[in-house]
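A.B. asks: this is a predicted model, with the sequence first.
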Amino acid sequence: MATIYQVADLAGVSLATVSRVMNGNVKVSDKSRAKVQSAMKELGYQPNIIAQSLASNRTNRVGVLVSELSGPFFSYMLAVVESALREEGKHAIITAGHSDVAKEQEGIEFLLGCRCDALILHIDAVSDEYLLKLKERKIPFSLINHRIDEIADCCFTVDNEQGGYLAAKAVIDMGHTKIAYISGPEFKEDARMRLDGHKRALAEAGLVFEDALHYRGNYNEDGGKIGFDKLSEQKFTALVCANDEMATGAMYSARKHGLDLPHDLSIVGYDDQVFARYTYPTLTTIKNPIAEMGSMAAKWVLKEVYNINTSEIIHNTFEPKLIIRNSIEENI
């Protein structure tokens, strides 16, 4: 088995230089780094991870907590985060909080117990007070889809209220006045904000938000199916859903009720999931830049914790965008 001494000898550098390269120290020239990496590859040298972490006080582990591990929304975000970290030699340890206070706190403490250097959190339930106490404990973390003013520099958010407004306005501009809405779970901040935006668009157009045309969903496909079945007792020409999964569920149920989409019913989703391009008709939706937010959250960690600077400027706020496809048409 090759040793660090052999790596230093083959690369023609000091033991200290080899150690700096293995620990990701930026104070090494590109030329020396390349020599060391080449020697390690040639010798098949495998660094002792435990020794590395003791020497650098870093484990090169970043803990990532999300609401769920299932579904395309979080899997896409996780793929982007993991890739950004891996490019810089850092590894993600992933767990789920299941939108429950105790489970989110348990997940966070688990990640800290794994000696993660930093955390990337997409939370639904833990309080701002809890998160601020984490900061007081000098634990570096970035937040996705949630903003706390006192630590705004590490928060990465999209304007969900504006997104809800754009979704409703898309069908209002098509002449629809009887508009149903399937919202996300009330305890989720983004769901509440999207509903607020929906109501703002209606009020701006002089339309009344009707409770009878509102169903509280669950962000899952079955929520869209059940929601449409419940709402179908009412008369409406357009349906706005708080995410794409519920929109596809609603499309399925609408067809079971014999409706021709979008001729009989216009439907709008939210998130712009990949499958939205392949539904029939293709789904008009709101672009939710979850990948960009995840990427920025990871780059913030790389910069603030590991002193790795990228050429990309760190942005904390993002804007939603209306993506018009074939699932809406003018109400004549």
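C.D. replies: Structure received.

A.B. asks: need the residue closest to the centroid of the chain.
C.D. replies: Centre of the chain computed as the mean C-alpha position; nearest residue by Cα atoms, centre = their mean is I290, 4.0 Å away.

A.B. asks: for the closest residue to that residue other than its chain neighbours, give me its contacts.
C.D. replies: Spatial nearest neighbour of I290, excluding adjacent residues (Cβ to Cβ, 6 or more residues apart in numbering): M77 at 4.9 Å. C-beta coordinates here come from the backbone N, C-alpha and C atoms, glycine included. By Cβ atoms under 8 Å, 6 or more residues apart in numbering, the contact list for M77 reads 66, 122, 144, 290-291, 293-294.

A.B. asks: before we move on, what SS does M77 have?
C.D. replies: Three-state assignment for M77 (DSSP: H, G, I helix; E, B strand; the rest coil): helix.

A.B. asks: need the per-residue pLDDT for it.
C.D. replies: Predicted confidence (pLDDT) for M77: 92.

A.B. asks: same check on the one 3 residues further on?
C.D. replies: The score at V80 is 94. That number is its pLDDT.

A.B. asks: for burial, what's the neighbour tally of it?
C.D. replies: 18 (other Cβ atoms under 10 Å).

A.B. asks: so the residue lying closest to G175 once chain neighbours are set aside is in which element?
C.D. replies: Using Cβ to Cβ, 6+ apart and skipping the chain neighbours, the partner closest in space to G175 is N331 (4.1 Å). N331 is part of no helix or strand when elements are defined by DSSP states H and E.

A.B. asks: surely D128 is in contact with D149?
C.D. replies: No. When contacts are counted by Cβ atoms under 8 Å, D128 is not listed as touching D149 (9.2 Å).

A.B. asks: okay, these two: which has more neighbours?
C.D. replies: D128 (14 against 7).

A.B. asks: how much space is there between that one and E68?
C.D. replies: Remark: distance between D128 and E68 (Cβ to Cβ, to the nearest Å) = 22 Å.

A.B. asks: which stretches in the stretch 1-150 of the chain count as strands?
C.D. replies: 61-66, 91-96, 118-121, 141-144 (DSSP state E, counting those that start in this stretch).

A.B. asks: same deal with the stretch 151-300 of the chain?
C.D. replies: 155-158, 179-183, 214-216, 238-241, 266-268, 285-287.

A.B. asks: of all those, which one comes closest to V36?
C.D. replies: strand 155-158 (34.5 Å; Cβ to Cβ).

A.B. asks: now the stretch 151-300 of the chain, which segments are flagged as low pLDDT?
C.D. replies: Applying pLDDT under 70 to the stretch 151-300 of the chain flags no residue at all.

A.B. asks: cool, and the stretch 1-150 of the chain?
C.D. replies: Those would be 1, 23-26, 47-57, if you go by pLDDT under 70 across the stretch 1-150 of the chain.

A.B. asks: for it, just list every one of the helices.
C.D. replies: Remark: helices assigned in the stretch 1-150 of the chain by DSSP state H, counting those that start in this stretch are 4-11, 15-22, 30-43, 49-56, 72-86, 101-113, 128-136.

A.B. asks: what's the answer for the stretch 151-300 of the chain, then?
C.D. replies: Counting by DSSP H, counting those that start in this stretch, the helices of the stretch 151-300 of the chain are 160-172, 189-204, 221-231, 244-256, 290-304.

A.B. asks: so which elements touch the third one?
C.D. replies: In this case it means helix 221-231. strand 179-183, strand 214-216, strand 238-241, helix 244-256 (3 or more Cβ pairs under 8 Å, 6 or more residues apart in numbering; DSSP states H and E).

A.B. asks: now do the shortest one: distance to the chain's middle.
C.D. replies: Taking Cα atoms, centre = their mean, to the nearest Å, the mean C-alpha location of strand 214-216 is offset from the chain mean by 24 Å.

A.B. asks: what does that strand rub up against?
C.D. replies: Against strand 214-216 from outside (Cβ under 8 Å, 6+ apart): 180-183, 185-186, 226-227, 230-231.

A.B. asks: tell me the one of the residues you listed nearest A102?
C.D. replies: Nearest to A102 out of the contacts of strand 214-216 is P185 (Cβ to Cβ; 17.4 Å).

A.B. asks: kind regards, and thank you for your time.
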